[in-house]
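*Asks:* Dropping a prediction and its sequence here:
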Amino acid sequence: MIIPRFIKIFSIAIIFGFLVSSVESKRRKSLKCPPLDKTDDHLNGKGEKYIITFDKSDTEAIENHLNIMQTCWKRTVKRVIPNKSINDKNVLMDFSVKGYLHGYCGYFTKSFVDKHLSKTPGINIEKDGPVKISRVLPFNFTRRTVVRDPPKNLDRIDQAKRPLDGKFIFPDGAGEGTNVFIIDTGVRVTHKEFGGRARFGAAFCKGCNDKDEDGHGTQVASVVAGNTFGVARKANIISVRVLDANGVGTKSDIINAMSFVLNEHNKCQNKNTIINMSINGDFSKSMNNVIGDLTDAGIHVVVAAGNDGTDACKSSPSSAPTAITVGATEEDSEQITDFSNIGRCVDIFAPGVKIQGAGNQTDNDILVLSGTSQASPHVAGAIALMITKFGNKSPDDMSDLLKRLSTKNVLKDLKNGSPDSFLRTPTP
């Protein structure tokens, strides 16, 4: 009979739920919460903001830790929601993606961190800190309506050696079907350079809207995929805003943005996902680890080397082992610029001086910028071209292919283990 069978199933479900609840209740009651003294006080917004990440293989330790945080320390855990700020400093802001990365941000005193958090197995604890645009100042605003010849930077990357031939030749696929996430100041998605291929994804910086109030992100996106200034002219652009109108953000905002991209990647049948991050900050193990989680999931991550004229291994995301880190060369030669970070953490070099691109003031604006910020999107666009020509590959294999295709023996002033690799886009 249908009704008795339903009652039986319903009864089993209630009993099972009761048993699970009882086990959970016993587990919470069995917790031994260490006592707090006055110096441990971590509530009411006291202390500084920390980024907490875990070894993703130890899920039991992660669950136990969160259980203690909620039961013993009375901290509420909430998921990070795009475009919404969590103002309660007693809340732990969870950016985890199940099966890939695990972590949260929260406010704690140093005493609390040292006595309680640091003893958790498999934990990585790091203070939040600033990140900024990898742009060289001063920069110029110009306008332009017709471009008959390709800009020098595009003319250069499709051929092995100079002199320039006045052409930019690329495969017909032109990056079609690839999704390039621009983690930056935002993108003016209505700009004519994008031809309807750009859209807003999310914003994570405090008080930020869906616009580009700086211009950097729009310019970078147009070097990736602009109709006139872009490498991959059929690629899709998704704006993920993490930097304010002054081009400044935090490491935690960057990590929240990467978590968002990973979720989008996992939900989408199209796995041709590329990230460009033309940003730089102090060395961050947390940020580098999250980049590793993204590349493990099949996402290609391209980052700027930074503009401090020093070792790229000293900053993040340029030091991330699984990212493709891009240094910059001069406009009229393959001389490495004096501002570009260098060293063994750099993977490849690309043009980075006086690069033309879209501006953010109107849908016709042109913005000329210099920096490793401008070198990086050349490589992100090249990966989009490679995907449409050769098919998608693992990030490791794509990085190897990029280096094999690159031009050798043209870079000048290589130092500190910098690679002898100058970007070359695939031939049609």
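*Replies:* Structure received. For clarity, every value in this text was computed on a predicted model and none was experimentally measured.
*Asks:* can we go C-alpha only for contacts and neighbour counts from here?
*Replies:* OK.
*Asks:* residue ranges with poor pLDDT in the chain?
*Replies:* Counting by pLDDT under 70, the low-confidence segments of the chain come to 1-30, 37-45, 57, 135, 137-149.
*Asks:* 50 instead, please
*Replies:* Across the chain, residues meeting the criterion (pLDDT under 50) sit at 1-2, 6, 9-13, 15-29, 138-148.
*Asks:* what's the domain layout of it?
*Replies:* According to the domain assignment given by automatic domain parsing, the chain is divided into the following structural domains: 38-128, 131-405.
*Asks:* what about the residue lying closest to Thr322 once chain neighbours are set aside, neighbour count?
*Replies:* Distances taken as C-alpha to C-alpha, 6 or more residues apart in numbering place Gly292 nearest to Thr322, at 5.8 Å, with adjacent residues excluded. Other residues near Gly292 number 20, with proximity taken as other C-alpha atoms under 10 Å.
*Asks:* Am I right that Gly292 sits in a strand?
*Replies:* No: with the criterion set as DSSP: H, G, I helix; E, B strand; the rest coil, the secondary structure at Gly292 is helix rather than a strand.
*Asks:* Which phi and psi values does Tyr107 adopt?
*Replies:* Reported as degrees, to the nearest 10, the phi and psi values for Tyr107 are phi -100, psi 130.
*Asks:* Can you tell me who it pairs with across the strands?
*Replies:* With DSSP bridges as the criterion, Tyr107 is bridged to Lys49.
*Asks:* if we can go back for a sec, Thr425 is nearest to which of the domains of the chain?
*Replies:* domain 131-405 (5.2 Å; C-alpha to C-alpha).
*Asks:* Look at that closest one and report the distance between its end residues.
*Replies:* 32 Å (C-alpha to C-alpha, to the nearest Å).
*Asks:* coming back round to it: figure out which of the domains of the chain is closest to Pro428.
*Replies:* Between Pro428 and the domains of the chain, the shortest gap by C-alpha to C-alpha is with domain 131-405, which sits at 3.9 Å.
*Asks:* how about the helices in this structure?
*Replies:* Secondary structure of the chain by DSSP state H: the helices cover 2-29, 59-71, 110-115, 152-157, 216-225, 251-267, 285-296, 372-390, 395-405.
*Asks:* highest average neighbour count across those?
*Replies:* Comparing the helices of the chain by mean neighbour count (mean count of other C-alpha atoms under 10 Å), helix 216-225 comes out on top with a mean of 32.
*Asks:* got the angle between that helix and helix 372-390?
*Replies:* Orientation check (axes from the mean of the first three to the mean of the last three C-alpha atoms, to 10 degrees): helix 216-225 against helix 372-390 gives 30 degrees.
*Asks:* Send over helix 216-225 as CSV, restricted to the C-alpha atoms.
*Replies:* What follows is the C-alpha trace of helix 216-225 in CSV, where atoms were taken according to Å, rounded to 0.1, in the frame of the first residue of the first chain:
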residue,chain,number,x,y,z
HIS,A,216,42.9,50.2,-15.4
GLY,A,217,40.6,47.1,-15.6
THR,A,218,39.0,48.3,-18.8
GLN,A,219,42.3,48.9,-20.5
VAL,A,220,43.7,45.5,-19.4
ALA,A,221,40.5,43.7,-20.6
SER,A,222,40.8,45.4,-24.0
VAL,A,223,44.4,44.2,-24.4
VAL,A,224,43.1,40.6,-23.8
ALA,A,225,40.1,40.8,-26.1
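*Asks:* which parts of stretch 204-215 are buried?
*Replies:* Across stretch 204-215, burial judged by 16 or more other C-alpha atoms under 10 Å covers Phe204, Cys205, Lys206, Cys208, Asp210, Lys211, Asp212, Glu213, Asp214, Gly215.
*Asks:* Please enumerate residues in contact with it?
*Replies:* With C-alpha atoms under 8 Å, 6 or more residues apart in numbering as the test, stretch 204-215 has contacts from 82-85, 185-188, 200, 202-203, 218, 240-247, 249-250, 253-254, 256-257, 359-361, 367.
*Asks:* Give me the distance between the residue nearest to Thr322 and Asn124.
*Replies:* With distances taken as C-alpha to C-alpha, Gly292 is found 14 Å from Asn124.
*Asks:* repeat for Arg344
*Replies:* Here Arg344 is placed at a distance of 25 Å from Asn124 (C-alpha to C-alpha).
*Asks:* Name only those of the contacts of stretch 204-215 that count as buried.
*Replies:* 82-83, 185-188, 200, 202-203, 218, 240-244, 247, 249-250, 253-254, 256-257, 359-361, 367.
*Asks:* Confirm for me that Asn307 is in contact with Ile336.
*Replies:* No: when contacts are counted by C-alpha atoms under 8 Å, Asn307 is not listed as touching Ile336 (11.6 Å).
*Asks:* can you count the residues close to the nearest residue to Gly327 once chain neighbours are set aside?
*Replies:* Closest residue to Gly327 in three dimensions, ignoring its sequence neighbours and counting by C-alpha to C-alpha, 6+ apart: Phe349, at 4.6 Å. Residues within reach of Phe349, counting by other C-alpha under 10 Å, total 32.
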